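Enquirer: Mind looking at a prediction? Sequence and model below.
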Amino acid sequence: MKKSILLLSFVFILIFVASCSSTNSSSSNVILDKLQERKHTINQKLSTEDGFFNKFKEEVVNENQLKHLALNEKEEIPNEFFDRSLNLVFFGDSLTQGVGDQTNSGGYVPFIKDYYEEKSYIDNVAIKNLGVRGNRTDHLQRRLNSDEVKQSLTEADVIFITIGGNDLMKVVRENFLSLTFPLFDKEQTLYGERFTDVLGTIREHNEVSPIYVIGIFNPFYQFFQEIHEMNEVVTNWNNVSATVLANYENTHFISIDDIFLDPTQHLLDDDQFHPNEIGYSLIGERVVEAIDQQYKKLAFDEPVEE
């Protein structure tokens, strides 16, 4: 019984396919005729409209060329047009770390962060503080082999460095009872060589970002104002830093030694060596002034026509 049903079903399918084929055959002829007709129509349209499309394409190309020329003639888009994040990296010694700031706010660093956050074209300011208490230039040389330090400096948009105070103090500690100018002169030369190496290595990882180097000050002035020679040593030391920086583009030296020559203000922490929060605030203000001067110089100065 099942075999009979299957056989009848098979015969029915064959009949249905045959009828569909004959219908499709006649339908196919009609479709083919219409396709041929459409082909001739399309060819005719293309022949008549070809000139129009070519002309249209020429007009589009010319228009694009004009737009391109106009774009090239426009002035460079100002930085204020773009919202972006800014990576600030602070590298150096205890002044970078903020030692002496009893509020634990970070020394002078927050003043820099606040300055950039006020800019309308900056969305977010990221801080990387690589300050280590007691660091000298020879420490920075070794730390520049660290992958973390190298990556941070490479990604930095602006770099701030405090260094040199511990290099100078090393001379004082080792020769406290027999300090002479030649001792400082010898160490200054070595300091200059190490500082040059530090800056050169930083520039290998980051060729373009601005570098601000904050000078050293005389922490002994408030108690030993009669020892003028120490101020002279500090001045010479700062001159070495500024001279080294002059060999590298987009680097800036910020002098702060005069801030700590005011005997009427108590600007040092209890250790009488590191700035207190007031001292750091004055350093921060000085650094912000220097940054702002550079910003205005780059953003607003126009060449004067003769």
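Expert: Sure, I can see it. All values derive from a computational prediction rather than experimental measurement.
Enquirer: Buried residues, the helix or strand hosting Leu298. List them.
Expert: Assigned by DSSP states H and E, Leu298 belongs to helix 277-300. Within helix 277-300, the residues that count as buried by 16 or more other C-beta atoms under 10 Å are Glu277, Gly279, Tyr280, Ser281, Leu282, Ile283, Gly284, Arg286, Val287, Val288, Ala290, Ile291. Using the backbone N, CA and C atoms, a C-beta is placed for each residue, glycine as well.
Enquirer: could you say what helices and strands it packs with?
Expert: Packing contacts for helix 277-300, counted by 3 or more C-beta pairs under 8 Å, 6 or more residues apart in numbering; DSSP states H and E, involve helix 109-117, strand 211-214, strand 251-254.
Enquirer: Could you rerun that using 10 Å?
Expert: Packing partners of helix 277-300 (3 or more C-beta pairs under 10 Å, 6 or more residues apart in numbering; DSSP states H and E): helix 94-97, helix 109-117, strand 158-162, strand 211-214, strand 251-254.
Enquirer: Mean pLDDT, distance to Tyr221 and mean neighbour count added to the ones you listed, as a markdown table?
Expert: Shown next, in a markdown table, are these (pLDDT from 0 to 100; distance: least, C-beta to C-beta, whole Å; neighbours: other C-beta atoms under 10 Å):
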| stretch | mean pLDDT | distance to Tyr221 | mean neighbour count |
| --- | --- | --- | --- |
| helix 94-97 | 97 | 16 | 25 |
| helix 109-117 | 96 | 23 | 18 |
| strand 158-162 | 98 | 18 | 24 |
| strand 211-214 | 98 | 17 | 24 |
| strand 251-254 | 98 | 19 | 18 |
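Enquirer: Just put the ones you listed in CSV and tack on distance to Ser146.
Expert: Putting these into CSV (distance: least, C-beta to C-beta, whole Å) gives the following:
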stretch, distance to Ser146
helix 94-97, 15
helix 109-117, 20
strand 158-162, 15
strand 211-214, 18
strand 251-254, 22
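Enquirer: between the ones you listed, which one is nearest to Asp271?
Expert: Closest to Asp271 of the helices and strands packed on helix 277-300 is helix 94-97 (C-beta to C-beta; 10.0 Å).
Enquirer: Could you count how many residues lie near Phe260?
Expert: Residues lying near Phe260 (other C-beta atoms under 10 Å) number 22.
Enquirer: Likewise for the one 4 residues further on?
Expert: Neighbour count of Thr264, defined by other C-beta under 10 Å: 5.
Enquirer: now the one 10 residues further on
Expert: Neighbour count of His274, defined by other C-beta under 10 Å: 22.
Enquirer: Would you mind measuring from it to His139?
Expert: Per C-beta to C-beta, to the nearest Å, His274 is found 17 Å from His139.
Enquirer: So which of the buried residues of helix 277-300 is the closest to Gln222?
Expert: Among the buried residues of helix 277-300, Gly279 lies closest to Gln222 (C-beta to C-beta), at 11.1 Å.
Enquirer: tell me the pLDDT at the nearest residue to the closest one once chain neighbours are set aside?
Expert: Nearest residue to Gly279 in three dimensions, chain neighbours excluded: Leu267, at 3.7 Å (C-beta to C-beta, 6 or more residues apart in numbering). pLDDT recorded at Leu267 is 94.
Enquirer: Also Glu302?
Expert: According to the model, Glu302 carries a pLDDT of 44.
Enquirer: just Lys39 next, same as before
Expert: pLDDT for Lys39: 46.
Enquirer: can you check Gly106 too?
Expert: 95.
Enquirer: Tell me how many other residues crowd it.
Expert: The number of residues packed near Gly106 is 20, by other C-beta under 10 Å.
Enquirer: still on that earlier bit, need the contact list for the residue nearest to Gly279.
Expert: 100, 217, 219, 222, 259-261, 275-283 (C-beta atoms under 10 Å, 6 or more residues apart in numbering).
Enquirer: quick revisit: what's the angle from the helix holding Leu298 to helix 109-117?
Expert: Orientation of helix 277-300 against helix 109-117 (axes from the mean of the first three to the mean of the last three C-alpha atoms, to 10 degrees) gives an angle of 30 degrees.
Enquirer: quick one: low-confidence parts of the stretch 151-300 of the chain?
Expert: Where the stretch 151-300 of the chain drops to pLDDT under 70, the residues are 223-224, 226, 299-300.
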